[in-house]
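Engineer: predicted model follows, preceded by the sequence.
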Amino acid sequence: MPKPNTNKPPAFQFYPGDWLASTKISLMTPAEEGAFIRLLCHAWSDPQCSLVDDDDVLTSLSRLGPEWFNGASTKIRACFKKKGNRLYSVRLKIEREKQKEWRKKSQLGGLNSGKSRKQKDLEGKGGSDLLESKDKPKGNTSSSSSSSSSSSLKRKKNKGIVSDEDNSCPSLQKLSDQKSDAYRLSKLLSDLILKNNPHSRLHNSDKEKVLQRWAKDIDLLIRKDGQQPLIVEEVMRFATADGFWGPNILSGAKLREKWDTLVKTHMKRKGVSTSKANSQNTGGLDDPMLGPSGTPLKVLR
């Protein structure tokens, strides 16, 4: 079976206003109009939008039969331009050229759009300097080395790798390290949510990106708010298992936002008041609301 020609336009524009306003069309009978449309369709299938100028062929293609020789031929031929032994449709030729021009513009627009997206992706990954380096001639060794070091530093920062200059800002450290408490707790939160709701939208999301985003919020809860990882895990398990809080605590940000309320609610369920927890330091790690060595849990920021 022959493969279809994908470059061949499958249709042409039809303008009802122009058709009805044409004097030549108005002088045709309904049968002649139908015959003219059929011949236009046959002409469109030809690369030059033409028909062979042969009465027998045109009679057959138009399906007019004897009527072709009773005046129909003259009316319909007037809508074509004769050149040699062929009849050309000037209007169809114009429409075909319009389609070719539109196709070229669309292809060019698609290529430019693809290049723009690729450039943005590379810039987001810190790789735009790699594109520039391909086009730029190599200079002296010291200049090239300096540029390379600068580009390397930029890429490291964009990827979350901390240099010696960045050690003063722990929040820039790569939180996707599975050894970090923040990442471990973000993964635990995800597992608990999926356990309680197997139909959660987490199944259809980029889980690694979600975990890293949650890890940032949990890192702030531990590092900035001063909460112990053990206590965060305890409150997290309570919140996700609770009938009210379970459907509401669905991210690291929401856990941190509702932290004070979650702690107070959990203590109340345990039968421990805030004042009692702050006045008694005998629970140690066995008391989920007390930190290491009986240190009271920090509730207020």
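Structural biologist: That came through fine.
Engineer: what residues go with each domain of this structure?
Structural biologist: 10-128, 173-294 (automatic domain parsing).
Engineer: out of those domains, which one sits most buried?
Structural biologist: Greatest average neighbour count among the domains of the chain goes to domain 173-294 (a mean of 16), per mean count of other C-beta atoms under 10 Å. The way it works is simple: take the backbone N, C-alpha and C, and place the C-beta from them, glycine included.
Engineer: I'd like the mean pLDDT over that domain, please.
Structural biologist: Averaging pLDDT along domain 173-294 gives 78.
Engineer: all helices for the stretch 201-301 of the chain, in order.
Structural biologist: For the stretch 201-301 of the chain, helices defined by DSSP state H, counting those that start in this stretch occupy the ranges 207-223, 229-241, 252-257, 259-270, 274-279.
Engineer: ok, which of these comes nearest Lys195?
Structural biologist: Nearest to Lys195, of all the helices of the stretch 201-301 of the chain, is helix 229-241, at 8.0 Å by C-beta to C-beta.
Engineer: packing partners of that closest one?
Structural biologist: helix 181-196, helix 207-223, helix 252-257, helix 259-270 (3 or more C-beta pairs under 8 Å, 6 or more residues apart in numbering; DSSP states H and E).
Engineer: for the ones you listed, which one sits closest to Ser89?
Structural biologist: helix 207-223 (56.5 Å).
Engineer: which strands and helices sit next to the closest one?
Structural biologist: By 3+ C-beta pairs under 8 Å, 6+ apart, helix 207-223 packs against helix 181-196, helix 229-241, helix 252-257.
Engineer: could I get the CA-only coordinates of that helix as CSV?
Structural biologist: Extracted in CSV, the C-alpha atoms of helix 207-223 (Å, rounded to 0.1, in the frame of the first residue of the first chain):
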residue,chain,number,x,y,z
LYS,A,207,7.7,12.7,44.1
GLU,A,208,11.3,13.7,44.3
LYS,A,209,10.5,17.3,43.7
VAL,A,210,7.7,17.1,46.3
LEU,A,211,10.1,15.5,48.9
GLN,A,212,12.7,18.2,48.4
ARG,A,213,10.1,21.0,48.7
TRP,A,214,8.8,19.4,51.9
ALA,A,215,12.3,18.8,53.3
LYS,A,216,12.9,22.6,53.1
ASP,A,217,9.9,23.3,55.3
ILE,A,218,10.8,20.6,57.8
ASP,A,219,14.4,21.8,57.8
LEU,A,220,13.1,25.2,58.9
LEU,A,221,10.9,23.6,61.6
ILE,A,222,14.0,21.8,63.0
ARG,A,223,16.7,24.3,62.4
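Engineer: if we can go back for a sec, redo the helices of the stretch 201-301 of the chain as JSON lines? Include distance to Ser22.
Structural biologist: Listed next are these as JSON lines, based on distance: least, C-beta to C-beta, whole Å:
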{"stretch": "helix 207-223", "distance to Ser22": "60"}
{"stretch": "helix 229-241", "distance to Ser22": "73"}
{"stretch": "helix 252-257", "distance to Ser22": "67"}
{"stretch": "helix 259-270", "distance to Ser22": "77"}
{"stretch": "helix 274-279", "distance to Ser22": "88"}
